[in-house]
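Chemist: Curious how this folds, go ahead:
(one chain, ligands or ions: 1)
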Amino acid sequence: MSTSDRPDIFDVDDRVRAGSSSQIPDMPSYREHWSRAEADPDGYWLAQAKQRVRWRKQPTRGLEGDFWSIREAPISWFADGELNVTESCLDRQLERRADKTAILWEGDEPGDVRTLTYAQLHEQVCRCANALVELGLKPGERVIIYMGMVPEAAIAMLACARVGAVHSVVFGGFSAEAVRDRVRDCGASIVITQDVGKRGGKHIPLKATIDTALEGERGVETVLVYQRDPAVTVNMQAGRDVWWHEQVDPASPTHEAAPRRAEDPLFVLYTSGSTGQPKGLVHSCGGYLTWVAYTHALTFDLREDDVYACMADIGWITGHSYIVYGPLCNGATSLMFESIPTYPDVDRYWDMVARHGITVFYTAPTAIRTLAAHGEAPVRKHDLSSLRVLGTVGEPIDPVAWRWYYDAVGQGRCAIVDTWWQTETGGHCITPIAPATPEKPGSATLPMPGIIPSLVNDEGREIVGPGQGRLCIEHPWPGLARTVWGDHARYVATYFAMFAGRYFTGDGCRRDADGYYWITGRVDDVLNVSGHRMGTAEFESALIAIDDIAEAAVVGYPHAVKGQGVYAYVVLQPACTDEAGAIQRAHAAVRSSIGAHARIDRLQIVPGLPKTRSGKCMRRILRKIAEGEPDKLGDVSTLADPSVVEVIVRGAEALRKP
Ligand code: WT7
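Modeler: Below is the predicted model of the structure:
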């Protein structure tokens, strides 16, 4: 593609490419790698696995299985390989990077900084691993990690991996009920938490939430508690709860890592789908680590002296892949941020960029929009000349926010990498490669080597060339989640039943004449609110559990800052006389069943839901009304009671009036 005469295309700035020693420093090499990975996936990925990962036993087998036979058996990569991922992330780094900063931690208060070198991190992980063994943890057992953004959270993850246990990190915003569901689903024997989390000057009562979650539960024998703030007192249950500083600190600083097979599970991470019950996606040791190391190095064009900063929370896949496993496997300095972008002020990010000399900065569109709303002055206060690559992830970024990121933050000389991927994909799938890919604001651009995207229409036919459809991926890649914990049938039903032989992403997508991909958002009942993925069914089941509520339907609608807002239509029981009380209970129910990050933005009491004569709720109609487009409802004559629509439309208008 000749790009010089195309105003819609941003060529890579020379200053981004200068000094790159990447395998993919330009477009010809991108094309060459992509074709090679397509023509010979086994050869390509075995070579990458060998180069990027330290193995106890080198794999000789590449991919086994395919998307056609996935019902009978999960796919596998590198099945005869053996490794412990922490030897790639830690032990190996001691050879050349013992004194290099592995984790650079910035606490809630600006300038509250801790650094852990690779030698120190290795030692801490060994101590924690020894402590976990002492507490009875065996390979293959599950550990729930419910912590804030402290280095000990990464240490806990790595310690689990070191002993061959399977961690499941639960985002610290989730409620006790949500934690309990996850503890039960994966059958965890140990929980690792901390007294309180700190975020934006507030305390998050993590330990107290764990106490509630475990009330009356059997199975969890030990709760290991890291002390974030000695001034805070928490309840410690005798015989169950132990302090990190009493158990981990005195443990031995050396530990022999437990060898794992490449396909052994490394972790389970729960994510929302179109049912009320979150799924535990299972990621492998060998394939996952290969994929995150590869994508982290190539997308960001990682350099040895980079200060790499990903603003995600380790409770989400971005934190797993691009704060912990990818960066550490690549020997990077990875910044971990405990706070929020607006604390104590809206220039917090830029203040950190200047103080730490951040070169690669990775955040989410919702944060960019929030900060853009405050104008350029807070950005201009700081020296941002260290920046080279700016990443975004989590939801589509609109061209306006993209331009602000590029102009105001990147000062027109940084690469923007809009990385499309999912909890399920392990790492980046469609993304610019910083030194190579010409960018278009709002497009995630082109597929990573190993990713063969396809667009499929409603009838299941593949769209060739430019067009719009459902985004699928044609061929297994090493980072794909292998199954749903304890429920392979659900894995198959969710991702492989819609279109036989293809992985269905749940996203809609357009491909333009240059072959660039433009993600249009979810086409299923999954909401994306400020980059947080939540199922409409999770909201609905929380709502209908309330006595006052007869029925509920939840949809998303466009929201200027959050991307999507949550719109709930609620039908009260005929006997309910206290409408205000019912609304209050509805909000409380969602909070206690999901968590504080799940909030209904608009709640409308309706006399009934628009249903077909067979009783199916027409969510399409509710979505259009929530989007403020009641004139685009289409045919409503098939409804059992078309008049209900008119009432809902009028109610929605009243609700929108300030
Ligand atoms: C969903 C996955 C990927 C880690 C964080 C979210 C949306 C993600 C982009 C992007 C457009 C995006 C998709 C996807 N999404 N990145 N760059 N452009 N949409 O992981 O919670 O598993 O959510 O987030 O809809 O399916 P997740």
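Chemist: Tell me the residues on this protein that lie near the ligand, please.
Modeler: 271, 316-318, 393-396, 418-423, 444, 505-507, 519, 522, 528, 533 (CB under 6 Å from any ligand atom). For every residue, glycine as well, the C-beta is placed using N, CA and C.
Chemist: So which of the residues you listed sit within helices?
Modeler: Using DSSP state H, the subset of those located in helices is 317, 318.
Chemist: So for the nearest residue to residue 431 once chain neighbours are set aside, what's the pLDDT?
Modeler: Closest residue to residue 431 apart from its sequence neighbours, by CB to CB, 6 or more residues apart in numbering: residue 419 at 4.0 Å. On the pLDDT scale, residue 419 is placed at 98.
Chemist: which regions of this structure lie under the pLDDT threshold?
Modeler: By pLDDT under 70, the low-scoring segments of the chain are 1-4.
Chemist: In terms of helix, strand or coil, where does the residue of it positioned farthest from its centre fall?
Modeler: Residue farthest from the centre of the chain, counting by CA atoms, centre = their mean, is residue 575 at 42.2 Å. With DSSP: H, G, I helix; E, B strand; the rest coil as the basis, residue 575 sits in coil.
Chemist: Tell me who's in contact with the closest residue to the ligand within the stretch 301-450 of the chain.
Modeler: Ranked by CB to the nearest ligand atom, the top residue of the stretch 301-450 of the chain for proximity to the ligand is residue 423, at 3.4 Å. By CB atoms under 8 Å, 6 or more residues apart in numbering, residue 423 lies in contact with 269, 271, 281, 316, 317, 481, 533.
Chemist: Return the member of those residues nearest to the ligand.
Modeler: residue 533 (3.5 Å).
Chemist: Ignoring the adjacent residues along the chain, who's closest to that closest one?
Modeler: residue 272 (5.0 Å).
Chemist: swap in residue 327?
Modeler: Residue nearest to residue 327 in three dimensions, not counting chain neighbours: residue 334, with 3.9 Å by CB to CB, 6+ apart.
Chemist: which residues does that neighbour bridge with?
Modeler: Residue 334 has these beta-bridge partners by DSSP bridges: residue 103, residue 308.
Chemist: can you check residue 226 too?
Modeler: Beta-bridge partners, per DSSP bridges, of residue 226: residue 194.
Chemist: May I have the residues that are in contact with it?
Modeler: Counting by CB under 8 Å, 6+ apart, residue 226 has contacts 147, 150, 152, 156, 192, 193, 194, 195, 244, 245.
Chemist: Repeat that for residue 59.
Modeler: 46, 49, 50, 77, 78, 79, 80, 81, 262, 286.
Chemist: rerun at 6 Å
Modeler: For residue 59, the contact set (CB atoms under 6 Å, 6 or more residues apart in numbering) comprises 78, 80, 81, 262.
Chemist: For those, which entry has the maximal number of neighbours?
Modeler: Per-residue neighbour counts (other CB atoms under 10 Å) across those peak at residue 78, which has 32 neighbours.
Chemist: so it makes contact with residue 262?
Modeler: Yes. Shown here, residue 78 and residue 262 form a contact pair, counting by CB atoms under 6 Å, at 4.0 Å.
Chemist: Identify the contacts common to the two.
Modeler: Common contacts of residue 78 and residue 262 (CB under 6 Å, 6+ apart): 59, 286.
Chemist: what's the burial count for the residue nearest to residue 473 when sequence neighbours are not counted?
Modeler: Excluding its sequence neighbours, the residue lying closest to residue 473 (CB to CB, 6+ apart) is residue 503, at 4.4 Å. Neighbourhood size, residue 503 [other CB under 10 Å]: 22.
Chemist: quick one: residue 503 from the ligand, how far?
Modeler: Note on residue 503: its distance to the ligand, by CB to the nearest ligand atom, to the nearest Å, is 12 Å.
Chemist: That residue reaches residue 495, doesn't it?
Modeler: Yes. With contacts counted by CB under 6 Å, residue 503 reaches residue 495, the gap being 5.4 Å.
Chemist: Could you name every residue contacting both of these two?
Modeler: In contact with both residue 503 and residue 495: no residue, using CB under 6 Å, 6+ apart.
Chemist: Kindly list the main-chain dihedrals of the residue nearest to residue 473?
Modeler: phi -80, psi 120 (degrees, to the nearest 10).
Chemist: The stretch 501-650 of the chain: strands as residue ranges?
Modeler: 503-511, 517-522, 526-529, 532-535, 549-559, 563-572, 602-605 (DSSP state E, counting those that start in this stretch).
Chemist: Redo those as a markdown table? Include distance to residue 298.
Modeler: Shown next, in a markdown table, are those (distance: least, CB to CB, whole Å):
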| stretch | distance to residue 298 |
| --- | --- |
| strand 503-511 | 21 |
| strand 517-522 | 17 |
| strand 526-529 | 26 |
| strand 532-535 | 25 |
| strand 549-559 | 33 |
| strand 563-572 | 27 |
| strand 602-605 | 42 |
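Chemist: Could you pull up the residues touching the residue nearest to residue 327?
Modeler: 103, 308, 323, 327.
Chemist: want to throw those into CSV with distance to residue 656?
Modeler: Listed next are the contacts of residue 334 as CSV, based on distance: CB to CB, whole Å:
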residue, distance to residue 656
103, 46
308, 43
323, 39
327, 44
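Chemist: Out of those residues, which two sit at the greatest distance?
Modeler: Comparing every pair within those by CB to CB identifies 103 and 308 as the most remote, at 10.9 Å.
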